[in-house]
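In: Need coordinates for the following:
(one chain, ligands or ions: 1)
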Amino acid sequence: MPAPSDPARFAAPPIDRRSFLQVGAASAIAAGLGGPAHAVIRPRPIHRVAPKARNIIFMVSDGMSSGTLALAQTYSARQLGHDSHWARLWKRPGVRRASATTHSADSIVTDSAAGGAAWGCGEHCNNEQLNWTPDGRQPVPILVQARQQGKATGVVTTARVTHATPASFIVNCPRRDAEGPIAAQMLERGFDVALGGGAKYFPDELIANHASYTVVRDRAAMLAAPAAGPLLGLFHKSHMSYALDRPETEPTLAEMTRAALARLSASPDGFVMQIEGGRIDHGAHDNDAGAMLFDQLAFDEAVGAAVEFIDGRDDTLLILTSDHGNANPGFTLYTRRGEEAFPRLANLKHSFEWMNARLAKTPKDQFADRLHESVREATGITLADDEMSMLLASYAGKRVSAFAELNSPACVLGGLLANTLGVSFMSPNHTADLVEVTAAGPGAEELPELIDNIDLWKLMVNAMDLAPAKPPG
Ligand SMILES: [Zn+2]
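Out: Next up, the predicted model:
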């Protein structure tokens with residue numbers, strides 16, 4: 001796609017990229033044949049201008065290693081009888097795939113603030129910093145830039161809406177953990193839709209100062225919200241529940257995605273939005289195969305909702321990716337053991353978070369029994385005595401794992417369950433792996449096979465032909 005300053009974009013009659021190249025080639029041929037050096041060769045009358053994206057849907061499975069994507073695909077194929085929505089997208093004509101780098105300005109292994117900022121402003125920032133460069137500049141985030149040009153904007157997440165990834169498209173902040181000031185800055189700068197968790201960072205006084213927002217606090221209120229005006233959905237005081245533990249009062253990521261798309265697509269000038277599966281990352285940090293897998297499957301349903309939206313239209317750029325790998329999980333048992341493990345994985349009932357909530361305030365002398373029982377209830381697995389000894393030793397701070405990073409109770413439990421569930425983890429940390437990028441729609445053709453994460457910002461700005469940003473008002 002020509003750069004915004006390229007006169008070819010504004011030439012009359014309008015020509016598309018292919019015709020532009022044809023004109024160039026024809027001129028060269030004419031010159032080679034001894035024709036006039038400045039011959040003007042008119043392009044054939046052309047169908048239409050190189051399509052620009054009117055809308056952008058940027059979807060992030062936070063902390064998704066390739067093994068997580070593979071696990072959701074295996075589950076979809078075996079349990080649901082079809083490929084995942086993400087894998088199905090690969091087969092559509094014109095869809096491009098790439099691998100992306102994930103490093104930040106100061107670390108081989110990025111965090112989600114720098115990872116999100118790479119897309120949010122097109123610059124490598126240090127870990128923990130949101131659109132705040134190592135030399136102290138504050139480049140304008142993409143949703144602020146899009147809003148300046150009349151686009152509707154939105155963020156949807158299963159984490160807190162003030163968490164690093166959604167914040168990275170709206171705010172400038174040197175500290176990702178300053179979520180109170182981040183909430184205020186989000187409301188100040190404005191958005192059309194923000195749906196997720198994080199109610200504790202939106203106290204009544206703050207909301208009272210921004211009376212134009214309709215605030216909804218459960219699934220039913222979201223579905224019944226008035227169509228006009230900006231919408232803020234806060235479905236949990238902190239992060240929303242894992243898909244495995246979700247109460248009926250919280251909407252699914254796919255439901256939030258549909259609700260946001262319905263509102264944003266009413267905008268006369270198009271929209272830009274980010275949708276995040278925010279807790280795939282948390283499940284991976286916890287080495288909790290069930291929490292991670294079922295949140296990835298919930299993300300995949302949201303991908304299905306986004307694909308429904310782009311079906312039959314050619315004005316929307318859809319990008320699916322992750323900010324970094326996490327814990328590099330993989331299904332790793334052969335033949336019969338694998339066949340026995342997979343149904344157990346598919347039938348998990350609850351997350352480690354659910355178990356921990358049950359264990360809170362348990363008297364010391366009842367802890368071991370309660371732990372044993374909670375694991376069985378959540379997973380259907382009865383830990384053996386020697387396994388319980390290892391787990392209790394990790395609770396007591398004793399070293400039980402060769403790799404010291406894997407010594408937390410969550411990692412030890414994840415390792416013990418791997419014997420039965422077949423999913424093993426390499427650490428409780430983000431990793432520096434390349435991540436998957438899938439792109440469909442106008443602008444997708446510009447995706448190179450290997451892309452630095454900051455260049456996805458450039459790809460979006462070019463696809464929409466966004467004018468340079470003004471400082472936020
Ligand atoms: Zn993380």
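In: Most proximal residue of the protein with respect to the ion?
Out: Going by CB to the ion, the ion is nearest to Asp281 of the chain, at 4.1 Å. Backbone N, C-alpha and C define where each C-beta goes, glycine included.
In: other SSEs contacting the top strand by length along the chain?
Out: Taking DSSP state E as the criterion, the chain has its longest strand at strand 152-160. When contacts are defined as 3 or more CB pairs under 8 Å, 6 or more residues apart in numbering; DSSP states H and E, strand 152-160 packs onto helix 142-148, helix 164-167, strand 193-197, helix 253-264, strand 271-277, helix 289-310.
In: what angle separates the longest one from strand 152-160?
Out: In this case it means helix 289-310. Orientation check (axes from the mean of the first three to the mean of the last three CA atoms, to 10 degrees): helix 289-310 against strand 152-160 gives 170 degrees.
In: Alpha carbons only: can I get helix 289-310 in PDB?
Out: Output of helix 289-310 as PDB, limited to C-alpha atoms (Å, rounded to 0.1, in the frame of the first residue of the first chain):
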ATOM      1  CA  ALA A 289      -3.900 -26.400  32.000                       C
ATOM      2  CA  GLY A 290      -7.700 -26.200  32.500                       C
ATOM      3  CA  ALA A 291      -8.000 -22.500  33.200                       C
ATOM      4  CA  MET A 292      -5.700 -21.800  30.200                       C
ATOM      5  CA  LEU A 293      -7.300 -24.100  27.700                       C
ATOM      6  CA  PHE A 294     -10.900 -23.100  28.400                       C
ATOM      7  CA  ASP A 295     -10.100 -19.400  28.300                       C
ATOM      8  CA  GLN A 296      -8.400 -20.000  25.000                       C
ATOM      9  CA  LEU A 297     -11.500 -21.800  23.800                       C
ATOM     10  CA  ALA A 298     -13.600 -18.800  25.000                       C
ATOM     11  CA  PHE A 299     -11.300 -16.600  23.000                       C
ATOM     12  CA  ASP A 300     -11.800 -18.800  20.000                       C
ATOM     13  CA  GLU A 301     -15.600 -18.300  20.300                       C
ATOM     14  CA  ALA A 302     -14.900 -14.600  20.200                       C
ATOM     15  CA  VAL A 303     -12.800 -15.100  17.100                       C
ATOM     16  CA  GLY A 304     -15.900 -16.800  15.600                       C
ATOM     17  CA  ALA A 305     -18.000 -13.700  16.500                       C
ATOM     18  CA  ALA A 306     -15.400 -11.500  14.800                       C
ATOM     19  CA  VAL A 307     -15.300 -13.700  11.700                       C
ATOM     20  CA  GLU A 308     -19.100 -13.600  11.600                       C
ATOM     21  CA  PHE A 309     -18.800  -9.800  11.500                       C
ATOM     22  CA  ILE A 310     -16.200  -9.700   8.600                       C
END
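In: thinking Glu405 is in contact with Asn429, fair?
Out: Yes - with contact defined as CB atoms under 8 Å, Glu405 reaches Asn429; the gap is 6.4 Å.
In: mind listing what the residue nearest to His430 when sequence neighbours are not counted touches?
Out: Of all residues not flanking His430 in the chain, His324 sits nearest, at 4.6 Å (CB to CB, 6 or more residues apart in numbering). Going by CB atoms under 8 Å, 6 or more residues apart in numbering, His324 touches 63, 102, 109-112, 115, 430-433, 435.
In: which of those residues count as buried?
Out: By neighbour count, with 16 or more other CB atoms under 10 Å, those hold 63, 102, 109-112, 115, 430-431, 433, 435 as buried.
In: Nearest the geometric middle of this protein, what residue?
Out: Centroid-nearest residue in the chain, with CA atoms, centre = their mean: Val60, separated by 1.3 Å.
In: Looks like that one contacts Arg279 (just checking).
Out: No - using CB under 8 Å, Val60 is not in contact with Arg279, being 11.7 Å away.
In: which one of the buried ones among the contacts of His324 is nearest Arg175?
Out: Taking CB to CB as the measure, Arg175 lies nearest Asp111 of these, at 11.8 Å.
In: what comes up buried for stretch 404-419?
Out: Residues of stretch 404-419 classed as buried: 406-418 (neighbour count, 16+ other CB under 10 Å).
In: What ranges does the stretch 51-200 of the chain have for its helices?
Out: Using DSSP state H, counting those that start in this stretch, the helices of the stretch 51-200 of the chain run over 66-75, 85-89, 112-121, 142-148, 164-167, 179-189.
In: which strands and helices sit next to the last one?
Out: Helix 179-189 is packed against helix 164-167, helix 204-208, with contacts defined by 3+ CB pairs under 8 Å, 6+ apart.
In: what's the pLDDT at Ser5?
Out: Predicted confidence (pLDDT) for Ser5: 39.
In: what number of residues lie near Asp314?
Out: When neighbours are defined as other CB atoms under 10 Å, Asp314 has 11 of them.
In: quick one: which helix or strand includes it?
Out: Assigned by DSSP states H and E, Asp314 belongs to no helix or strand.
In: dump the residue contacts of it.
Out: 51, 441-442.
In: again, but for Pro230
Out: The contact partners of Pro230, by CB under 8 Å, 6+ apart, come to 190-193, 212-214.
In: Swap in 10 Å and give it another go.
Out: 152-154, 187, 190-194, 210, 212-215, 263 (CB atoms under 10 Å, 6 or more residues apart in numbering).
In: Now restrict those to buried residues only.
Out: 152-154, 187, 190-194, 210, 213, 215, 263.
In: one step back: just checking: what are the partner strands of the longest strand of the chain?
Out: Neighbouring strands of strand 152-160 in its sheet, by DSSP bridges, are strand 193-197 (parallel), strand 271-277 (parallel).
In: Buried deepest among those strands, which one?
Out: Mean neighbour count (mean count of other CB atoms under 10 Å) peaks for strand 271-277 among those, with a mean of 28.
In: ok now that strand, how far from the chain's centre?
Out: 8 Å (CA atoms, centre = their mean, to the nearest Å).
In: Can you tell me which helices and strands the following helix or strand past it packs against?
Out: Using DSSP H and E, the helix or strand that follows strand 271-277 in sequence is helix 280-285. Secondary-structure packing of helix 280-285 (3 or more CB pairs under 10 Å, 6 or more residues apart in numbering; DSSP states H and E): strand 55-61, helix 66-75, strand 152-160, helix 289-310, strand 325-326, helix 352-359, helix 409-421, strand 430-431.
In: between the first one and helix 66-75, how many degrees?
Out: Spelled out, it's strand 55-61. Angle, strand 55-61 to helix 66-75, by the same axes, to 10 degrees: 100 degrees.
In: Ser374 contacts Arg358, correct?
Out: Yes - under the criterion of CB atoms under 10 Å, Ser374 makes contact with Arg358 at 5.1 Å.
In: what residues are shared contacts of the two?
Out: Residues touching both Ser374 and Arg358 (CB under 10 Å, 6+ apart) are His350.
In: So which of the two has more stuff around it?
Out: A direct count of neighbours by other CB under 10 Å for Ser374 and Arg358 places Ser374 higher, at 19 against 15.
In: Could you pull up the residues touching Thr252?
Out: 158, 219, 240, 243, 246, 258, 298, 301-302, 305.
In: By neighbour count, which of those residues wins?
Out: Result: Thr158 is most packed of these (other CB under 10 Å), 33 neighbours.
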